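Visitor: Structure, please.
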Amino acid sequence: MAAQIRHSLRLGKEGINRLREVPKWIRQTVVIWVAAEAVLYSSLFVNVLFPTWSNTEVSMFIGEHYTLYGTWWVKFLSDHVSRVLYGYVAARIALRVSDYLFLVASIFLVFRIFDFLLYFWNFCHDGLVYIDLFWTALTLILTVFKGYKPETIAKIKSLF
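Guide: All right, here's what the predicted structure looks like:
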């Protein structure tokens, strides 16, 4: 039994040493990636910790009056937060690969942030706004391949 414990501790120590060899940006990206996945379970925790509120209809939207059960409101909110975090992870990875890919990932990240804000406005019920956002994103993506000055790309990269 003691040999097994020593073996497990040694493996843990080796794993930590290997983790130190991984570049810092990769460790940070993995942490954000795991957080993007973990946030999806927040509605389960809310359901367990606040069962009365979870089964109550709430209207937490600014623009229009829509009612959802509390647990569903948190579930949809966590979906949007997860998408924003995944978009950020994609932009961080694309930053290391290609300027063009980074700019495209940044455009989609901004799209996801607008989507997140529209969730609070009226539960994403503005279909025409989404069509406009999508066409704007496509137009911006086409302009990416026409070229940008290196200074412009450097300013955007400094945000990440």
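
Visitor: Spatially central residue for this protein, please.
Guide: The centroid of the chain falls nearest to residue 85 when counting by Cα atoms, centre = their mean (1.4 Å).

Visitor: Not including adjacent chain positions, what is the nearest residue to that residue?
Guide: residue 36 (3.5 Å; Cβ to Cβ, 6 or more residues apart in numbering). C-betas here are computed from N, CA, C, even on glycine.

Visitor: Name the spans of this structure whose pLDDT lies under the cut-off.
Guide: Residues of the chain that meet the criterion pLDDT under 70 lie in 1-2, 4-5, 7-13, 15.

Visitor: In the longest helix along the chain, which residues are buried?
Guide: With DSSP state H setting the assignment, residue counts place helix 70-97 as the longest helix in the chain. Buried residues in helix 70-97, defined by neighbour count with 16 or more other Cβ atoms under 10 Å: 70-71, 73-75, 77-78, 80-95.

Visitor: could you give the angle of the helix or strand that that helix is followed by to helix 70-97?
Guide: For helix 70-97, the following helix or strand on the C-terminal side (DSSP states H and E) is helix 99-122. Between helix 99-122 and helix 70-97, the angle comes out at 160 degrees (axes from the mean of the first three to the mean of the last three Cα atoms, to 10 degrees).

Visitor: Can you list the neighbours in contact with helix 99-122?
Guide: For helix 99-122, contacts defined as Cβ atoms under 8 Å, 6 or more residues apart in numbering pick out 60-64, 66, 76-77, 80-81, 83-84, 86-88, 90-91, 93-95, 124, 126, 129-130, 133-134, 137, 140-141, 144-145, 148, 153, 156-157.

Visitor: same thing but 7 Å
Guide: 61-64, 66, 76-77, 80, 83-84, 87-88, 90-91, 94-95, 124, 126, 129, 133, 137, 140-141, 144-145, 153, 156 (Cβ atoms under 7 Å, 6 or more residues apart in numbering).
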